[in-house]
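K.L.:
curious how this folds, go ahead:
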Amino acid sequence: MGTFITFPELLIWLPFLAGIAVFFFRSEKSARILSFSASLLVLAVSIISLFYSNNKYYNFNYVNYYWLKYIGNSFYVGLDGTGRVLTLLTAISFPIILLSSFRHSYKNPSVFYGLLLLAQCGMMGVFCSLDVLLFYFFWELALIPVYFLSSIWGGSRRIQVTFKFFIYTFIGSLLMLAGILYVYQHTPGRMFEDGTYSAHSFAIKSFYASSINAFQQGWLFCLFFIAFAIKMPIFPFHTWQPDTYDQAPAPVTMVLSGLMVKMGLLGVIRWLIPLFPLALPVFSKAVIILSIIGIIYASCIALMQDSLRKMAAYSSIAHIGLMCAALFTHSELGIQGVMIQMFSHGINIIALWIVIDMLEQKTGCKNISELSGVAGKAPALAIFLLIIVFANIALPLTNAFAGEMMMFGGLFQYNKWFAAVAALSIILAAIYMLNMVRKVFLGDTNAAVEGISDISWNEKLLFGLITAIIFVTGVYPQILVDISKEAVAVLMNNNI
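P.N.:
Okay, the predicted model is just below:
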């Protein structure tokens, strides 16, 4: 039993309490100040937790409180290697997302920023949960604020698009819940410290020790995988994503593409692979093939897109597909690459969405064909975009290079032909990204761009921070390796 507030508790409760408090602020300025201050406080906690990461500081990083002990459920949260990477990404991303959102004025700003903080709370809970029922609770909690944010502040087609997003994710959640309850019935009992005994348990150790045979693991694998595949998303469960990214408010799209998709990857790492080791060899090849199909399919669709938002959306599907494929190679090299790439992709895609949002706000245009010569009017924005594009196509010395090369290395160890086909995405990504730069930023200035100005000093500061993260983790990716290596070892051994 925990006797004091731990790091994972703070990461969950701080955005929750701040989100509730923001609802009661009437002025937009007050809502902004409180939400941004709370995000900085969460970031501080996350950074401090990195200095307390070994077994000596176990009590700072894990806590297990009684909750529904008669059914073997408890508030069991902790920071393992994967959780540390993803909570750090979430903590870094939210101040950036909030700062970028301050360029807009939203109706009912207190509700808008309060819901954003509640979404952060839900995602932190998912990344820290070591009890599967608690994991499911936060999985749903993270979805609810995003649903309201998209359906209230989204674009003209927001209702039907958000409904489709909700149906997809809700069906996936129900399938996962059915799987959770079945596995629960096959877990060993648990004795609590006060003498209360539960015949079964939702704790991670109990789920890992569940008595399910190979046949049961097969169909249970499918139930969990569909839920995680929808959330990531990968082909063919991706169809909700492009329209949702297109219609959601820019800050919500950043949350969805940079952070919430990592919930699906976390589910695969922490629950799917360790829970069903007998099913893994049976389904791994099929999952990898689906992922590679998605990589090439999404890259080709991105190549043909005129919409900036949909180009970024399909680009994200391709990157997530590579991460999913690398996870199922069960290669230490590939899995370590995924750990690095989850962080790098989050930073890069959020940065790309910030630029797209700036272009939309400055010009009122959403399509590539409507823009030309932006670099002549906004040279600083052009420079920062080029850095972000180089990071997205994994240029050496940028943050995505090490992770992407490691993932391709793991895929090559598994099957060299799979790796060769997936590697085509590198060429395709360079084509559609650089083609976008050429059409939008170079050439003669057109009427839509004529009246725009360059980014302000505080926006340059924001991009400067993002650039620093891109190059620091690109030049020295060992930072992320050290944080996540424990989780890689656990996953390779399929134990805790």
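K.L.:
residue 63 in helix, strand or coil?
P.N.:
The three-state label given to residue 63 by DSSP: H, G, I helix; E, B strand; the rest coil is strand.
K.L.:
can you pull the contacts of it?
P.N.:
By Cβ atoms under 8 Å, 6 or more residues apart in numbering, the residues touching residue 63 are 2, 6, 8-9, 75-78. Yep, even glycine has a C-beta here, placed from its N, CA and C like the rest.
K.L.:
hmm, 7 Å instead?
P.N.:
By Cβ atoms under 7 Å, 6 or more residues apart in numbering, the contact set of residue 63 is 2, 6, 8-9, 77.
K.L.:
out of these, which comes closest to residue 478?
P.N.:
Taking Cβ to Cβ as the measure, residue 478 lies nearest residue 8 of these, at 24.5 Å.
K.L.:
spit out the contact partners of that closest one.
P.N.:
61, 63, 77-79, 128.
K.L.:
as CSV, the residues you listed with pLDDT and distance to residue 393 would be great.
P.N.:
Formatted as CSV, those follow (pLDDT from 0 to 100; distance: Cβ to Cβ, whole Å):
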residue, pLDDT, distance to residue 393
61, 80, 36
63, 83, 41
77, 90, 37
78, 88, 36
79, 89, 32
128, 92, 33
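K.L.:
which one among the residues you listed gets closest to residue 343?
P.N.:
Of those, the one sitting nearest to residue 343 (Cβ to Cβ) turns out to be residue 79, at 14.8 Å.
K.L.:
just the buried members of the contacts of residue 63?
P.N.:
Neighbour-count burial (16 or more other Cβ atoms under 10 Å) applied to the contacts of residue 63 gives 6, 8-9, 77.
K.L.:
now those residues in JSON lines, with distance to residue 83 and secondary structure?
P.N.:
Shown next, in JSON lines, are these (distance: Cβ to Cβ, whole Å; DSSP: H, G, I helix; E, B strand; the rest coil):
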{"residue": "6", "distance to residue 83": "12", "secondary structure": "coil"}
{"residue": "8", "distance to residue 83": "7", "secondary structure": "helix"}
{"residue": "9", "distance to residue 83": "13", "secondary structure": "helix"}
{"residue": "77", "distance to residue 83": "9", "secondary structure": "strand"}
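K.L.:
these two touch, right, residue 172 and residue 232?
P.N.:
No. If you go by Cβ atoms under 7 Å, residue 172 and residue 232 don't touch, sitting 10.5 Å apart.
K.L.:
name the element residue 201 belongs to?
P.N.:
Residue 201 is part of no helix or strand when elements are defined by DSSP states H and E.
K.L.:
could you give the number of residues near it?
P.N.:
Using other Cβ atoms under 10 Å, the number of residues around residue 201 comes to 26.
K.L.:
now it: how far from residue 209?
P.N.:
Residue 201 is 9 Å from residue 209, where distance means Cβ to Cβ, to the nearest Å.
K.L.:
which residues do those two both contact?
P.N.:
Contacts common to residue 201 and residue 209, judged by Cβ under 7 Å, 6+ apart, are residue 187.
K.L.:
let me know the helix or strand that residue 382 is in.
P.N.:
With DSSP H and E as criterion, residue 382 is part of helix 379-392.
K.L.:
could I get the buried residue list for that helix?
P.N.:
Those would be 381-382, 384-385, 387-392, for helix 379-392 by 16+ other Cβ under 10 Å.
K.L.:
spatially nearest residue to residue 370, not counting backbone neighbours?
P.N.:
residue 448 (5.6 Å; Cβ to Cβ, 6 or more residues apart in numbering).
K.L.:
can you count the residues close to the one you found?
P.N.:
For residue 448, using other Cβ under 10 Å, the count is 18.
K.L.:
next: the one 10 residues further on.
P.N.:
The number of residues packed around residue 458, counting by other Cβ under 10 Å, is 11.
K.L.:
where's the closest residue in space to it that isn't next to it in sequence relative to residue 280, distance?
P.N.:
Leaving aside its sequence neighbours, residue 458 sits nearest to residue 99 (Cβ to Cβ, 6+ apart; 7.8 Å). Separation of residue 99 from residue 280 (Cβ to Cβ): 42 Å.
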